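*Asks:* A predicted structure for the sequence below; I have some questions about it.
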Amino acid sequence: MAWVRMVGREEATGALRAEYDRIAAQFADRGGGAIPEITAILSLRPDLMIARNRLSNSCTFGGSGLGRYREELIATSISALLNCRF
């Protein structure tokens, strides 16, 4: 759990709310709606959150020639090897 202050989705406004809505829609097909904490820790700086998400999305989720399934498989495997919780 992060120790920095985070703005929740219910209290977000403006650019932050729009980014939260975009993220929730991206994960909706997987029963999503919750904002990953790795993203929410940047909620006090929505400009940085948006930039980080753009970078992440350009590197993964179809950004390579591997396809979404293989990218997710690699990401999950590496996370498991590193004992990563997200």
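*Replies:* Yep, that arrived. Just so it is clear, the model here is predicted, and its values are computed rather than measured. Numbers count the residues shown, from 1 in each chain.

*Asks:* so how far is residue 74 from the residue lying farthest from the centre of the chain?
*Replies:* Distance from the centre of the chain peaks at residue 65, with 20.8 Å (C-alpha atoms, centre = their mean). Distance of residue 65 to residue 74, computed by C-beta to C-beta, to the nearest Å: 13 Å. Every C-beta, even on glycine, is put in place using the N, C-alpha and C of the backbone.

*Asks:* quick one: low-confidence parts of the chain?
*Replies:* By pLDDT under 70, the low-scoring segments of the chain are 29-33, 61-63, 86.

*Asks:* swap the cut-off to 90 and go again
*Replies:* Low-confidence segments of the chain, defined by pLDDT under 90: 1-4, 8-9, 22-39, 53-76, 79, 83-86.

*Asks:* Tell me where it has helices.
*Replies:* In the chain, the helices defined using DSSP state H lie at 14-26, 37-40, 46-59, 68-81.

*Asks:* now the ones you listed as CSV including distance to residue 1?
*Replies:* Listed next are the helices of the chain as CSV, based on distance: least, C-beta to C-beta, whole Å:
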stretch, distance to residue 1
helix 14-26, 19
helix 37-40, 7
helix 46-59, 18
helix 68-81, 18
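
*Asks:* looking at the ones you listed, which is closest to residue 2?
*Replies:* Checking these against residue 2 by C-beta to C-beta gives helix 37-40 as the closest, at 5.6 Å.
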